[in-house]
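Engineer: Output the structure for:
(chains A and B)
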Amino acid sequence: MAEDGTETDWAGLLCRVRDQQDRAAFAALFRHFAPRVKGFLMKSGASEQLAEECAQDVMAVLWQKADQFDPERASVATWVFTIARNRRIDALRKSRRPEPEDLPWGPEPEPDQAEVFEVQQETRRLGKALAQLPQTQRDLIERAFYGELSHSEIAVQTGLPLGTIKSRIRLALDKLRHQMDVKAKTE
Amino acid sequence: MTIRHHLSDQLLMGYATGSLPEAFSLVVATHISMCDDCRARAESYDALGGAVIEEGYAAMSEQSLDACLARVAGLAPISARRRGRDGIFPAPLAEHIGGGPSAVRWRPLGLGAKQAILRVSDTGATVRLLSIPGGAAMPEHSHRGTELTLVLQGAFRDETDRFGPGDIEVADDNLEHTPVAEEGAVCICLAATEGKLRFNGLIPRLAQPFFRI
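Structural biologist: Okay, the predicted model is just below:
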């Protein structure tokens, strides 16, 4: 959401970074996401200076990995979150996070625009669902994502998942299976 | 491959939030590589993280955008190419070990069973590969925290159920179980344990310091 209430097409901007190394598109992404990454890292316990440096690193990775972004699978916010989380594990825990095997297919050269739109809306839908939760429950989920809860605390306290996440999971699984089928038939 | 035993919401959310010890993350990433269902669930928790990151805000310093633009101008793209699956080892495990099953340095545990302890960078949990001949039992044991056992090849049974390739058993500290490998192929598992294992027989307990288990 832009400040004036209209929605910005973050995925479109990131595709311009990917295809044309478009600096203006990158600047727009930076202005929106860098302060959010910085806020996230400070809430995760980083000092302001470290958070600022890491937010720059995260945005640089966004630029460098733009061709791996798949707008049919994740919103830009989700993708930024995964990069920021991994940077946090690296910077604050001096640890690494093993990543799942890549899917046998990468981003489509010409993604289905309706599909992309749907996936990009997801962050807003989940944000709304979060906002409707009782304050204590919302706080717990946020604290979990700031890395303040151990995995055993997550079980006891959050009482997840929300209905919205359940339906999101179903959609993601349908999509994954569909892609697998298409892949299997074309080979 | 039909996977019947999946990761808990708790572990998937812990993986998404980055709060698992590396040993657990390795087992989770390896299971997700074999299981579409858990992949979809894991990505959904990432999406929740996307919504959480949208909430926060801390102003960046004024020159930060220019500094970042100057920095990325000279950067080459980060390649998507990673090490792939290697034999029965999905990519995250092959990456961690630096190869497939032939790269594992097994140590004998007695009666044909073998294990290889894998290095991790934190002390929250330990992780090892186990190789149990068909028909053989693991020493009966319990543990102080959660134990994850992911089957890579073969199958085992314990007091709770049967576990085949891709299945993961999530056992908490009050489960005392004796996994027995099914007759047939050698059963190879990736197992992560919070805290030390406790063997219930005298001999395994004496042997524990030597085997580092």
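
Engineer: Could you say whether the most far-flung residue of chain B relative to its centre sits in a helix, a strand or coil?
Structural biologist: Centroid-distance maximum for chain B: B:Glu62 at 42.8 Å, with CA atoms, centre = their mean. At B:Glu62 the chain is in coil, as set by DSSP: H, G, I helix; E, B strand; the rest coil.

Engineer: and what of B:Gly50?
Structural biologist: Classified using three-state DSSP, B:Gly50 is helix.

Engineer: And the strands in chain B?
Structural biologist: Along chain B, the stretches classed as strands by DSSP state E are B:107-110, B:113-118, B:126-132, B:141-143, B:147-153, B:156-157, B:162-163, B:168-171, B:180-181, B:187-193, B:197-199.

Engineer: how about the ones you listed in JSON lines, adding distance to chain A and mean neighbour count?
Structural biologist: No exception for glycine: its C-beta is placed from N, CA and C like everyone else's. Listed next are the strands of chain B as JSON lines, based on distance: least, CB to the nearest CB, whole Å; neighbours: other CB atoms under 10 Å in any protein chain shown:
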{"stretch": "strand B:107-110", "distance to chain A": "23", "mean neighbour count": "14"}
{"stretch": "strand B:113-118", "distance to chain A": "11", "mean neighbour count": "17"}
{"stretch": "strand B:126-132", "distance to chain A": "10", "mean neighbour count": "22"}
{"stretch": "strand B:141-143", "distance to chain A": "14", "mean neighbour count": "19"}
{"stretch": "strand B:147-153", "distance to chain A": "11", "mean neighbour count": "24"}
{"stretch": "strand B:156-157", "distance to chain A": "23", "mean neighbour count": "22"}
{"stretch": "strand B:162-163", "distance to chain A": "20", "mean neighbour count": "18"}
{"stretch": "strand B:168-171", "distance to chain A": "11", "mean neighbour count": "21"}
{"stretch": "strand B:180-181", "distance to chain A": "26", "mean neighbour count": "22"}
{"stretch": "strand B:187-193", "distance to chain A": "11", "mean neighbour count": "25"}
{"stretch": "strand B:197-199", "distance to chain A": "18", "mean neighbour count": "18"}
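
Engineer: can you pull the contacts of B:Leu118?
Structural biologist: B:23, B:26, B:96-97, B:127-129 (CB atoms under 8 Å, 6 or more residues apart in numbering or on different chains).

Engineer: 7 Å instead?
Structural biologist: Residues in contact with B:Leu118 (CB atoms under 7 Å, 6 or more residues apart in numbering or on different chains) are B:96-97, B:127-129.

Engineer: quick one on the thing from earlier: is it possible to get TSV of the strands of chain B that adds mean pLDDT?
Structural biologist: Shown next, in TSV, are the strands of chain B (pLDDT from 0 to 100):
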stretch	mean pLDDT
strand B:107-110	87
strand B:113-118	92
strand B:126-132	94
strand B:141-143	65
strand B:147-153	96
strand B:156-157	94
strand B:162-163	96
strand B:168-171	94
strand B:180-181	94
strand B:187-193	95
strand B:197-199	54
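
Engineer: give me the number of residues near the nearest residue to A:Gln68 once chain neighbours are set aside?
Structural biologist: Once flanking residues are discounted, A:Gln68 sits nearest to B:Ala80: 5.0 Å by CB to CB, 6 or more residues apart in numbering or on different chains. Burial measure for B:Ala80: 11 neighbouring residues, criterion other CB atoms under 10 Å in any protein chain shown.

Engineer: quick one: low-confidence parts of chain A?
Structural biologist: Applying pLDDT under 70 to chain A picks out residues A:1-6, A:156-165, A:183, A:186-187.

Engineer: please redo it, this time with the cut-off set to 80
Structural biologist: For chain A, the stretches with pLDDT under 80 are A:1-7, A:155-187.

Engineer: That one: helices as residue ranges?
Structural biologist: A:10-20, A:23-43, A:48-64, A:76-92, A:113-131, A:135-145, A:151-157, A:163-186 (DSSP state H).

Engineer: Quick check, central residue of the chain?
Structural biologist: Assuming you mean chain A. Residue closest to the average C-alpha location in chain A (CA atoms, centre = their mean): A:Thr78, at 1.1 Å.

Engineer: The intended chain is chain B.
Structural biologist: The centre of chain B sits closest to B:Val27, judged by CA atoms, centre = their mean, with a distance of 1.1 Å.

Engineer: Next up, the contacts around that residue.
Structural biologist: Neighbours of B:Val27 in contact, by CB under 7 Å, 6+ apart: B:127, B:148, B:150, B:190, B:192.

Engineer: Adding distance to B:Asp37, write those residues out as TSV.
Structural biologist: TSV is the format used below for these (distance: CB to CB, whole Å):
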residue	distance to B:Asp37
B:Val127	23
B:Leu148	17
B:Leu150	14
B:Leu190	18
B:Ala192	20
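
Engineer: Max pairwise distance over these: which two?
Structural biologist: B:Val127 and B:Leu150 (10.1 Å; CB to CB).

Engineer: quick one: common contacting residues for those two?
Structural biologist: B:27, B:190.

Engineer: on that earlier part again, from what I see, the residue nearest to the centre of chain A and B:Ala47 are in contact.
Structural biologist: Yes - A:Thr78 is within contact range of B:Ala47, at 4.8 Å (criterion: CB atoms under 7 Å).

Engineer: which residues are in contact with both of the two?
Structural biologist: Common neighbours of A:Thr78 and B:Ala47, using CB under 7 Å, 6+ apart, are A:Thr123.

Engineer: Distance of A:Tyr146 relative to B:Glu183?
Structural biologist: Distance, A:Tyr146 to B:Glu183, by CB to CB, to the nearest Å: 49 Å.

Engineer: Neighbour count for these two, which is higher?
Structural biologist: With neighbours defined as other CB under 10 Å, A:Tyr146 and B:Glu183 compare such that A:Tyr146 has more, 20 against 11.

Engineer: didn't that one look like it was pressed against A:Leu41?
Structural biologist: No - assessed by CB under 7 Å, A:Tyr146 is found out of contact with A:Leu41, at 9.0 Å.

Engineer: For the two, list the residues in contact with both.
Structural biologist: Counting by CB under 7 Å, 6+ apart, nothing touches both A:Tyr146 and A:Leu41.

Engineer: Stretch A:86-100 near chain B anywhere?
Structural biologist: Yes - applying CB under 7 Å from any CB of the partner chain, one finds stretch A:86-100 in contact with chain B at A:88-89, A:93-100.
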